[in-house]
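S.K.: Kindly generate the corresponding structure for this input.
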Amino acid sequence: MDYNDPFAEMRQLQGAMNRLFDGGRTPERSGTYPSVNFWAGQDSIAMSAELPGLTEQDIELTVKDTMISIRGTYPERETGDDMIWHRRERPTGSFLRSIELPFRIEPDHIDARFEDGVLTVEMQRPEEDKPKHIQIKSS
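M.R.: Presented below is the predicted three-dimensional model:
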């Protein structure tokens, strides 16, 4: 624990509480599903989300203002009556992941692709929201 950081102990407590209320998931995968990566430029933003075992029909993607949401359901894995789970790390059940974007995006200029269990979404910033270069004149 970093004693120079006044919030280190609170983050440690928050992690313990998250693990307690995480439904018994292992610490390695106890985060919010699905795992996502974001990267942004001046004019656009891109996201990738890992969704193994799903198809594009299993996923609902919505965008409003500066919020993107991914909704879906991981299927329950069937086991026989004589089978007992010994380790269960892959998620099952419904999920909803909503993430705040760093700027508004143009809803008519979104490209979403799903390939090999990875959802990739590319979004464009509206023209009126893009930073403008202002020429400075000398007097």
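S.K.: which residue packs closest to Met123, ignoring adjacent ones?
M.R.: Nearest residue to Met123 in three dimensions, chain neighbours excluded: Ile105, at 4.0 Å (C-beta to C-beta, 6 or more residues apart in numbering). All C-beta atoms are positioned from the backbone trio N, CA, C, and that covers glycine.
S.K.: What does the one you found show for phi and psi?
M.R.: The phi/psi pair for Ile105 (degrees, to the nearest 10) reads phi -130, psi 160.
S.K.: CA-only coordinates of the helix or strand bottoming out on mean pLDDT in the chain, as CSV, when you get a sec.
M.R.: Across the helices and strands of the chain, mean confidence by mean pLDDT, DSSP states H and E is lowest for helix 8-20: a mean of 77. The C-alpha atoms that make up helix 8-20 are tabulated as CSV, following Å, rounded to 0.1, in the frame of the first residue of the first chain:
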residue,chain,number,x,y,z
ALA,A,8,-5.0,3.8,-1.5
GLU,A,9,-6.8,2.2,1.5
MET,A,10,-10.2,3.2,0.1
ARG,A,11,-9.4,1.7,-3.3
GLN,A,12,-8.3,-1.5,-1.5
LEU,A,13,-11.6,-1.6,0.4
GLN,A,14,-13.5,-0.9,-2.8
GLY,A,15,-11.7,-3.9,-4.5
ALA,A,16,-12.6,-6.1,-1.5
MET,A,17,-16.3,-5.0,-1.7
ASN,A,18,-16.4,-5.5,-5.4
ARG,A,19,-15.1,-9.1,-5.0
LEU,A,20,-17.7,-9.7,-2.2
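S.K.: Low-confidence ranges, the protein, go.
M.R.: Applying pLDDT under 70 to the chain flags residues 1-3, 19-32.
S.K.: right, and the helix or strand after the least confident helix or strand of the chain?
M.R.: Tracing the chain C-terminally past helix 8-20 and defining elements by DSSP states H and E, one meets strand 36-40 next.
S.K.: which other helices and strands contact that next one?
M.R.: strand 44-50, strand 93-100 (3 or more C-beta pairs under 8 Å, 6 or more residues apart in numbering; DSSP states H and E).
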